[in-house]
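Student: Quick one: sequence plus predicted model below, questions after.
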Amino acid sequence: MKIQEADAKSLLVAQGLPVPAWAVAHTATEARAAAERFLGEGAEKVVIKAQVLVGGRGKAGGVKLAGSADEAERVAQAILDLEIKGIPVRKVLVGPAADIAKEYYLSAVLDRASRRIILMGSAEGGVEIEQVAAERPEAIVTLPTDPLLGLLPFQAREMAFRLGLGAHLKDAVAIATGLVRTMQAYDADLVEINPLAIVREAGADGAVTQRLQCLDAKVNLDDSALYRHPSLEALRDPDEEDPADREAREAGLTFIKLDGTIGCMVNGAGLAMTTMDLVKRAGGEPANFLDIGGGARADKVAAAMRLILADTKVNAILVNIFGGITRGDEVARGLIEARAQQARDVPMVVRIVGTNAAEADVLLREAQFHTADTLDDAAAQAVAASKAAVA
Ligand code: GDP
Ligand code: MN
């Protein structure tokens, strides 16, 4: 699950990392009020940033500075009118603008290959790290952390020195350690600060000091571990969730959309993968991975059918159910109900074996469904139906 910058910053603050103050505004008027507050507290300028779940907002015109409340209102309105990479901007972050001396990149990422959290840093921050990685891989420092001990102090110091942050050693070590701690505390698979910046600050006596601050934050949470952190569910941004993903989640279905034309409805992840393999072997392309889970009842089957049919590329459906806890007749009833409600007529091939398969067969035949006894046959029929639909 991706979360907005403002929410990611809250998690960093909770772990003790230095982040400048901010407010979230949904309208230009709210942004103006926030700007007035920060300017009144002594900020020379405010920064206004689009809150959308895509990178590269700066380049797309979604990050701007403003020196007065009037300007902040205008700039906020302009950003709220934007669409960034196809996503309409619905809210902005407003905060005191930092006076940046230099930008760095620092992140903790889960590396599945080595099964470790890796700390990544670069003195070439601000720009997209993918670009640095492609053009100057030597400019990126990576350190593997220990699965049990986390980031050890000597590693944090090594990162600081290799990035040229020796003058800010204490802060850099605290931030690097905090990043890895944030990863572990929330079961994130990415915590990224870009830019981590050396910021100039004028004290009350006018003397300028420099310190490190996290100016941007990106946190991706591991969906499979979210159950361990019920409070993080509140950070899900429904505005930016794909409608199909939301329906699947609410119905308790595992649904992953793919590019093919054959919708698959299966119970069990292993069987779903096998079904996709057999569709491919029969010369077709699956439109999705869909696991309706064990013990699915009629309403769940109907929801699965709605999800499949919402994909306009789908021109044939293959239902493959191995009845164990899931009862075949229950699935058959769900299919019949779903077909009565469905908006468009798509050929469907059904294979149900296992618990109550005979009852299912009677129901499906009465309702004039195409059935198949073997999975190979079912896949072949579905692929033929799909090809006939385009011919
Ligand atoms: P992104 O483009 O989506 O990654 O958004 P960022 O928050 O990283 O902002 C992009 C760039 O805008 C940064 O690399 C900075 O150069 C600049 N920027 C962001 N916040 C501030 C700020 O408070 N002050 C100044 N002067 N520049 C900022
Ligand atoms: Mn950034």
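Tutor: That came through fine. Ligands and ions are numbered 1, 2, ... in the order given.

Student: In this protein, what residue lies closest to ligand 2?
Tutor: Using CB to the ion, the single residue of the chain nearest to ligand 2 is D216, 3.5 Å away. (Glycine included, C-beta is placed from N, CA and C.)

Student: number of nearby residues for that residue?
Tutor: As a burial measure, D216 scores 24 neighbours (other CB atoms under 10 Å).

Student: Can you report phi and psi for it?
Tutor: Backbone dihedrals for D216, given as degrees, to the nearest 10, come out at phi -140, psi 150.

Student: ok, it touching E5?
Tutor: Yes. Under the criterion of CB atoms under 8 Å, D216 makes contact with E5 at 6.4 Å.

Student: can you give me the strands in the stretch 151-300 of the chain?
Tutor: 188-202, 208-214, 218-221, 254-257, 262-266, 288-291 (DSSP state E, counting those that start in this stretch).

Student: Of the ones you listed, which is nearest E138?
Tutor: Of all the strands of the stretch 151-300 of the chain, strand 188-202 sits nearest to E138, with 18.4 Å by CB to CB.

Student: Now that closest one: buried residues?
Tutor: Using 16 or more other CB atoms under 10 Å as the test for burial, strand 188-202 gives 188-199.

Student: What lies in contact with it?
Tutor: 8, 12, 20, 98-110, 125-126, 129, 168, 175, 179, 182-183, 208-222 (CB atoms under 8 Å, 6 or more residues apart in numbering).

Student: Selection in ChimeraX covering whichever of these are buried, please.
Tutor: Typed into ChimeraX, the line below selects the buried ones among the contacts of strand 188-202, using 16+ other CB under 10 Å:
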select :8,12,20,98,102,103,104,105,106,107,108,109,110,125,126,129,168,175,179,182,183,212,213,214,215,216,217,218,219,220,221,222
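
Student: thinking again about what came up before, and which of the buried residues of strand 188-202 is nearest to R162?
Tutor: Nearest to R162, judged by CB to CB, of the buried residues of strand 188-202 is L196 at 13.9 Å.

Student: Up against ligand 1, what does the protein have?
Tutor: Residues of the chain lying close to ligand 1 (CB under 6 Å from any ligand atom) are 47, 49, 55-58, 63, 97-98, 100, 103, 126, 194-195, 215-216.

Student: Tell me the one of those residues nearest I292?
Tutor: I292 lies nearest to G55 out of the residues of the chain next to ligand 1, by CB to CB, at 34.3 Å.

Student: Give me the pLDDT for the closest one.
Tutor: On pLDDT, G55 comes in at 86.

Student: Buried residues in stretch 261-276, which are they?
Tutor: Applying a neighbour-count criterion of 16+ other CB under 10 Å, one finds 261-268, 271-272, 274-276 buried in stretch 261-276.

Student: how about these, which pair is most distant?
Tutor: Checking the buried residues of stretch 261-276 with CB to CB, the most distant pair is T261 and G268, at 22.8 Å.

Student: and the residue of the chain closest to ligand 2, what pLDDT?
Tutor: Reported pLDDT for D216: 97.

Student: Which single residue in the stretch 201-350 of the chain comes nearest to ligand 1?
Tutor: Using CB to the nearest ligand atom, D216 is the residue of the stretch 201-350 of the chain that sits closest to ligand 1, at 3.4 Å.

Student: And the residue nearest to that residue when sequence neighbours are not counted, how close does it get to R116?
Tutor: Closest residue in space to D216, ignoring its immediate chain neighbours: N194 at 5.5 Å, by CB to CB, 6 or more residues apart in numbering. Distance, N194 to R116, using CB to CB, to the nearest Å: 21 Å.

Student: D223 too?
Tutor: As judged by CB to CB, D223 and R116 stand 20 Å apart.

Student: Looking at the two, which one has more neighbours?
Tutor: Counted by other CB under 10 Å, D223 and R116 do not tie: R116 has more neighbours, with 15 against 11.

Student: pretty sure that one is touching G150, no?
Tutor: No. With contact defined as CB under 8 Å, R116 does not reach G150; the gap is 10.3 Å.

Student: and R351, what does it touch?
Tutor: R351 makes contacts with 318-321, 371-375, 377-378, as judged by CB under 8 Å, 6+ apart.

Student: before we move on, what SS does it have?
Tutor: Applying DSSP: H, G, I helix; E, B strand; the rest coil to R351 yields a three-state assignment of strand.

Student: which residues does it bridge with?
Tutor: On the basis of DSSP bridges, R351 is bridged to N320.

Student: Please read off the pLDDT at it from the model.
Tutor: pLDDT for R351: 96.

Student: got it, and G324?
Tutor: Each residue has a pLDDT score; the one for G324 is 87.

Student: State the number of residues packed around it.
Tutor: The tally of other residues near G324 (other CB under 10 Å) stands at 12.

Student: Quick check, it in contact with G354.
Tutor: Yes. At 5.9 Å, G324 counts as touching G354 under the criterion of CB under 8 Å.

Student: Contact residues of the stretch 151-300 of the chain facing ligand 2?
Tutor: Listed as neighbours of ligand 2 in the stretch 151-300 of the chain under the rule CB under 5 Å from the ion: 194, 216.
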